Every structure is written in C-alpha cells, then in structure tokens.
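A.B. asks: just to be clear, the model below is a prediction. Sequence and coordinates:
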Amino acid sequence: MTTTYNCTSDDQRTEGLQHAQRAISEKKCIVMPTDTVYGIAADAFSPLAVTMLLASKGRSRQMPPPVLIPRVNALDGLATDVPADARALAQAFWPGGLTLILHAQPSLDWDLGETKGTVALRMPDDQIALELLGLTGPLAVSSANRTGQEAAQTASEARLQLAESVEVYLEGGFRPVKGTAALPSTIVDATSTPFRVVRQGAIELERLREIVPSILGIGETIPAEVPPVEDATPAADDAPIEVTETAAFVDSTQESVKPGAPSEAKPE
C-alpha cells in the first residue's frame, strides 16, 4: 500500500523515515526530497530494487542511476583510484548539487546497470535526505518522474507520475524553492583527463573551474598544441659555414609539419 507522509510535521517525519527505511530493506522504491528535485530511491546493493526503480521510471539499464551517500568519507568505500582533483571538488561542493563519475570499487556486489565499471556519486544538501541515508546507507536515486517528463518538485507531483510503483512518498515541500526552476545536479566525469562536464545543472562551470581550472564544459575539446617554429635565419654574428665539394642542399620534397588535430577527451 502506497503511503504519503508530510515530513514538515515532526511526528509524520519520524514515522515516514521509519517506513521508508523498512521499504528500502524490503527492496521497494520510495520517493524523497533532495536539494535539487525529488528523487525515486532504492537499495543500491539490490539488483532487484534497482530493476524496479528503472522500471518505475520507464528507463533501461543503459541509463544507470547515481548513488547518494550520507557522508563525504563514504566516497572511498564506493570508488577507487579517486583523483586528488575529484576530492577537491567533493570538499568544495558536497553536500550539494554536484555528481562525480568515478571508477567503482571492483569488490562491491551491486548491479546498477550498464555502468562500464563506474559509479556516479553525490552527497545531497537536504536534511530529510541525509537523515534517510543515515538510516539506510547508500541509495540508488534518480529524479522522481517518468523518463521524458518534467522532474517532480514535490512528492505530490511525483505520485502523479509514479503512482503505486512507489511504497512511500516523503513530502517535504517544494524543491529547490517554489517558483524556481527544477535544476538537476551537475555531473562531472572524473574518470577522464581532463575532467569533463557531461550534464550542466546546479553548479556552474565557472565555479567548478575555481577548484579545477582544466575542467572541460559540454562540447569543449582539448586545444591542439602547435609546435614552436624555429627561426632558420642565422644570427649576424654566426661564423660562415664552410661548404665542401659535397654541396649542402634542402630537400624540396619535404612537407612542413602540420599541427596535430585536436585530441578529444573521453566521451560521456
């Protein structure tokens, strides 16, 4: 049976969080507020629960959900070979609207879909979300809407789209704020060199570059390096070169060196 809890009420908030925790442990889906938009959540370590989440949204395994975590130090438990610049971004923008794509810990027993060995991690800046994550541990979370529809900014909006496919709806009011645009998190691929923004959202590119100046925006490529041109004209004070019977010559068939084509960073 689907139940909605008004989490602006202390009593319903406590009851709703407890019910949501039970639902997660039973491999069911719940809807929760985050600092960006509302999300549909499931146990990240249950392939069945993740399959139900994707089915509720009408999404395939080719679009795996990100994972929300309750603390910054949970990053190392889920990701491996974390670059120093990724840690710097996490320290600067977590909790907040930044998702980092990293190499997943190979020892973890989970199946989020076709991730190609990566995981997208975020720590949300929302008290209800963090309280729930503290009870459940990491959750697979995607925006609470059917694929192709507008992201829900309240639990009521989410219920209109997801209906009985969700066990618990935690209503916390408008996210982010009533009358403002529903911006998703900004996603940065931190498995490429340099890092690349693969979805622009709540955190602007200029703010990211204050921490990691080399980050590429959407559609940007690594600039080509043009080799320096050497000046072949001899200096005035150079001694004259003696020419022997074997005359020196320039091979007129040799082509000039062309700068290499711009190398592109790893596609998203």
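C.D. replies: Yep, it's here.
A.B. asks: can I have the longest strand along the chain written out in CSV, keeping just the CAs?
C.D. replies: Taking DSSP state E as the criterion, the chain has its longest strand at strand 98-104. Output of strand 98-104 as CSV, limited to C-alpha atoms (Å, rounded to 0.1, in the frame of the first residue of the first chain):
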residue,chain,number,x,y,z
LEU,A,98,27.4,18.0,-7.9
THR,A,99,27.6,14.4,-9.1
LEU,A,100,31.0,12.8,-9.7
ILE,A,101,31.5,9.9,-12.0
LEU,A,102,34.4,7.7,-10.6
HIS,A,103,35.8,4.2,-11.0
ALA,A,104,33.7,1.8,-8.9
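A.B. asks: what bridges to residue 142?
C.D. replies: Assessed by DSSP bridges, residue 142 has beta-bridge partners residue 40.
A.B. asks: do I have it right that it meets residue 65?
C.D. replies: Yes: assessed by C-beta atoms under 8 Å, residue 142 is found in contact with residue 65 at 4.1 Å. To be clear about C-beta, it is placed using only N, CA and C from the backbone, and glycine gets the same treatment.
A.B. asks: can you pull the contacts of residue 71?
C.D. replies: Counting by C-beta atoms under 8 Å, 6 or more residues apart in numbering, residue 71 makes contact with residue 123.
A.B. asks: check residue 226 and give its pLDDT.
C.D. replies: At residue 226, the model reports a pLDDT of 60.
A.B. asks: okay, now the sheet partners of the longest strand of the chain, with direction.
C.D. replies: For strand 98-104, pairing defined by DSSP bridges yields strand 79-80 (antiparallel), strand 118-122 (antiparallel), strand 186-189 (parallel).
A.B. asks: can you redo those strands as JSON lines with distance to residue 108 and mean neighbour count?
C.D. replies: Output for the strands paired with strand 98-104, formatted as JSON lines (distance: least, C-beta to C-beta, whole Å; neighbours: other C-beta atoms under 10 Å):
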{"stretch": "strand 79-80", "distance to residue 108": "10", "mean neighbour count": "20"}
{"stretch": "strand 118-122", "distance to residue 108": "8", "mean neighbour count": "23"}
{"stretch": "strand 186-189", "distance to residue 108": "20", "mean neighbour count": "24"}
